[in-house]
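Undergrad: Following is a predicted model, sequence given first.
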2 protein chains.
Amino acid sequence: MKILIVDDEYDILEFLSYNLKKEGYEVFTAQNGIDGLKQAKKIIPDLIILDVMMPEMDGMELCEQIKSTAKLENAFIIFLTARSEEYSELAGFSSGADDYVTKPISPKLLISRIKAILKRGNGFKDDDVISIEKLLIDKQKHIVKYDDQDIVLARKEFKLLYCLMTMPGKVFTREELITKVWNDAYVGDRTIDVHIRKIREKIGVNYIKTVKGVGYKFNL
Amino acid sequence: MKILIVDDEYDILEFLSYNLKKEGYEVFTAQNGIDGLKQAKKIIPDLIILDVMMPEMDGMELCEQIKSTAKLENAFIIFLTARSEEYSELAGFSSGADDYVTKPISPKLLISRIKAILKRGNGFKDDDVISIEKLLIDKQKHIVKYDDQDIVLARKEFKLLYCLMTMPGKVFTREELITKVWNDAYVGDRTIDVHIRKIREKIGVNYIKTVKGVGYKFNL
DNA sequence: TTCTAATGTTAACAAATTGTTAACCTTTTG
DNA sequence: CAAAAGGTTAACAATTTGTTAACATTAGAA
C-alpha cells in the first residue's frame, strides 16, 4: 500500500513518514506541490496526504491536478489543515478530497482514518456493478458489456455512462453531470453532448434519452 | 430529498451545503435554532443536520421541538458535535436523534451516514412524484404517465402541469403562473392559454379546469 | 336571449436547444 | 519520444420549443 505525503514542513514529513512506515505502508514524500505531482505520476500511490497550505502549488490546486490525471483519479486524498484554517478554506474548492485531518496531527487518528479510507470501511460502497437489460457496467473492472460483448469506452465516456446508470430514469442536468463527471471543471455544454454521442455510437441510441431543456437520462 | 442544516458557523454551512448538493440533495440552511425551526416547518425536510452547540436554542432543544411538531416528527436527525463534547453529552438526552457525526467533518463519512439513514427507509417518500387518479408526474425522472402510458410534455408544459398538481384544486391566477413557471418573464396571457391547450391535448381536457375571470386549477 | 369580455385555437414565426463534424490540443502508452 | 487515443471546442445544421397575433368560440351577466 503506497502513500505519498506532500508537505513543505520537513518535520511533519519525518513525523508522518515514521509513523506510517511503522504501520507497514510504503511511504513517499515531497516538499512541494510540483514535486508531489511528479512523484505521484511516477509511483501511483493509493493514498495521498496533502498539506492545504504550501508555497507554489497549494494542496487544493494539487488535488485538482491529481484528480484530472487519469492514472491518479482513483487515489484517495486526505488533506492536512491547520485548525485555524477551518472549513472556509475547504468550502469553495471543487477538488475531491476524501477526508481531512487537522494539525496538530494525532498519529493514531490519522492512521485510523487511513485504514478506514483504504478499506472503504467507511461503510461507503458504490455498487460497482450495474446491470440493466442487456447492458452491464462494472466500475472496478472498468468494462461495459452489451449482450455479453465487450464495449470499450473511454474514461469520460465510462464515467458519464456510469453516472447515468447509478440512477436510471433520473434526469441529470448538464450542470449535475459537470459536477459528477468533470469535478466541476470548466467545460462547455457541447462537450457533454459529444460524449453522449460517442456513447450512443457504441451502445446504441436507445439507452440514453435526451430530455430537451433539462438534460439526459438513462432508459425510457 | 430535502436536507436542512442548522449551524451557527457559516463556514460549516457552506462546506456541508457544497458537498451535499454535489450528491444531488436539495439543501437548505439556517444559522440558528429559531430560524431553523421556522424553515423546517416550511420546507418539511427529510433530514435535519443539527449542531449541538448553538447560541439561543441549542441542537438538543431544537431537536425536541422538531420531534414535537407533527409535520416534522418523521424527519431524520443527525447531530454534529465537536470532538471534545464526547458522547456522554448525547448519551443521556432523550430527544430522538438518529445518528451523530463529530467535527471536523469528513464529507464522505457524513454522506455515507446520510445514505444509510435515508435507506433505513422509514416511510421513504419520493416527494417529487405526484399521482392523482390515472395521472402521475415525476419531477426527477421528468415523465408524465396517464394510465401507465408515457406522455411527452415540453419543458414549460411540464413545469406548468407540475405547478398545478402541487396544489390540486387551488386556482392559480395567470400572474401566479407567470411567477412560478415563467420566473416573472414578460409573456402575454395568451401564451399561458396556449400551453394549457397543449397539455389538455395530451392528457385530456378533464384535468385542468378553467375558472373564468380567475385562472386555472387542477381537477375539481 | 343577447352581448361582451374572457378564453380557445391555429398557424406562423422567433428563440432556444441539441446533434454532428472536424479540427485541435492533451494525455497515455509503447 | 512519437504515435495513438482521448478530450475539448467551435461552427453550423437540425430540431424542438416558446411566443404571438389574429380570429373563433364560449360562458355568463344583464
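TA: Happy to help now that I have it. Numbering: from 1, shown residues only, chains lettered A, B, ... in the order given.

Undergrad: can you list the residues of chain A near DNA strand C?
TA: Residues of chain A found near DNA strand C (C-beta under 7 Å from any atom of the strand) are A:41, A:68-71, A:174, A:189-190, A:193-194, A:196-197, A:200, A:210-215. In this view, the C-beta of every residue, glycine as well, is placed from N, C-alpha and C.

Undergrad: Filter those down to the ones in strands?
TA: If you go by DSSP state E, the residues of chain A next to DNA strand C have A:Thr210, A:Val211, A:Gly215 in strands.

Undergrad: And A:Val27, its phi and psi?
TA: Main-chain torsions, A:Val27, degrees, to the nearest 10: phi -110, psi 130.

Undergrad: pretty sure it is in contact with A:Glu14, am I right?
TA: No: A:Val27 is not in contact with A:Glu14 according to C-beta atoms under 8 Å; the separation is 10.5 Å.

Undergrad: Which one's more surrounded, those two?
TA: A:Val27 (20 against 13; other C-beta atoms under 10 Å in any protein chain shown).

Undergrad: shaky segments in chain A?
TA: Chain A contains residues with pLDDT under 70 at A:83-97, A:116-127, A:220.

Undergrad: Spell out whether the lengthiest helix in it and DNA strand D are in contact.
TA: Secondary structure of chain A read by DSSP state H shows that its longest helix is helix A:189-203. Yes: judged by C-beta under 7 Å from any atom of the strand, helix A:189-203 comes into contact with DNA strand D through A:Arg190, A:Thr191, A:Val194, A:His195.

Undergrad: Neighbour-wise, which one of these leads?
TA: Neighbour max across the residues of helix A:189-203 next to DNA strand D (other C-beta under 10 Å) = A:His195, 21 neighbours.

Undergrad: Next up, the contacts around that residue.
TA: A:Lys156, A:Glu157, A:Leu160 (C-beta atoms under 8 Å, 6 or more residues apart in numbering or on different chains).

Undergrad: Report the entries of those that also contact DNA strand D.
TA: Okay, of the contacts of A:His195 touching DNA strand D (C-beta under 7 Å from any atom of the strand), that's A:Lys156, A:Glu157.

Undergrad: For the helix or strand where A:Ile5 lies, which outside residues touch it?
TA: Assessed by DSSP states H and E, A:Ile5 sits inside strand A:2-6. By C-beta under 8 Å, 6+ apart, the surrounding residues in contact with strand A:2-6 are A:12-13, A:16-17, A:20, A:25-33, A:35-36, A:39-40, A:43-51, A:54, A:59, A:62, A:114.

Undergrad: rerun that using 6 Å as the cut-off
TA: Contacts to strand A:2-6, defined as C-beta atoms under 6 Å, 6 or more residues apart in numbering or on different chains, come from residues A:13, A:16, A:20, A:25-30, A:36, A:40, A:43, A:45-50.

Undergrad: Identify those among the residues you listed that sit within helices.
TA: Among those, the members falling in helices are A:Leu13, A:Leu16, A:Leu20, A:Gly36, A:Ala40, A:Ile43 (criterion: DSSP H).

Undergrad: Mind picking the one among the contacts of A:His195 that's closest to A:Ala75?
TA: A:Lys156 (17.9 Å; C-beta to C-beta).

Undergrad: Just give the number of residues close to the residue lying closest to A:Lys2 once chain neighbours are set aside.
TA: Using C-beta to C-beta, 6 or more residues apart in numbering or on different chains and skipping residues adjacent in sequence, the residue nearest A:Lys2 is A:Pro45, 4.3 Å away. Neighbour count for A:Pro45, taken as other C-beta under 10 Å: 23.

Undergrad: next one: A:Gln39
TA: 17.

Undergrad: could you point out the longest strand in chain A?
TA: strand A:76-82.

Undergrad: For that strand, name the packing helices and strands.
TA: strand A:47-51, strand A:99-103 (3 or more C-beta pairs under 6 Å, 6 or more residues apart in numbering or on different chains; DSSP states H and E).

Undergrad: Comparing those, which comes out most buried?
TA: For those, the largest average neighbour count (mean count of other C-beta atoms under 10 Å in any protein chain shown) is found in strand A:47-51, namely a mean of 26.

Undergrad: Between strand A:2-6 and that strand, find me the angle.
TA: 10 degrees (axes from the mean of the first three to the mean of the last three C-alpha atoms, to 10 degrees).

Undergrad: For DNA strand D, give me its nearest residue in chain A.
TA: When distances are taken as C-beta to the nearest atom of the strand, chain A reaches nearest to DNA strand D at A:Ala154, 2.8 Å away.

Undergrad: for stretch A:65-83, the distance to its chain's centre please.
TA: The chain centroid and the centroid of stretch A:65-83 are separated by 7 Å under C-alpha atoms, centre = their mean, to the nearest Å.

Undergrad: show me what contacts A:Val129?
TA: A:Asp138.

Undergrad: How about the one 10 residues further on?
TA: Residues touching A:Lys139, when contacts are defined by C-beta under 6 Å, 6+ apart, comprise A:Asp128, A:Tyr162.

Undergrad: and if you look at A:Met57?
TA: A:Gly33, A:Ile34.

Undergrad: which element is it on?
TA: Per DSSP H and E, there is no helix or strand for A:Met57.

Undergrad: Can you tell me which residues in chain A are near DNA strand D?
TA: With C-beta under 7 Å from any atom of the strand as the criterion, chain A meets DNA strand D at residues A:70, A:152, A:154-157, A:182, A:185-188, A:190-191, A:194-195, A:212-213.

Undergrad: related to what we said a few turns ago, closest one of the ones in helices among the contacts of strand A:2-6 to A:Ser131?
TA: A:Ala40 (33.8 Å).
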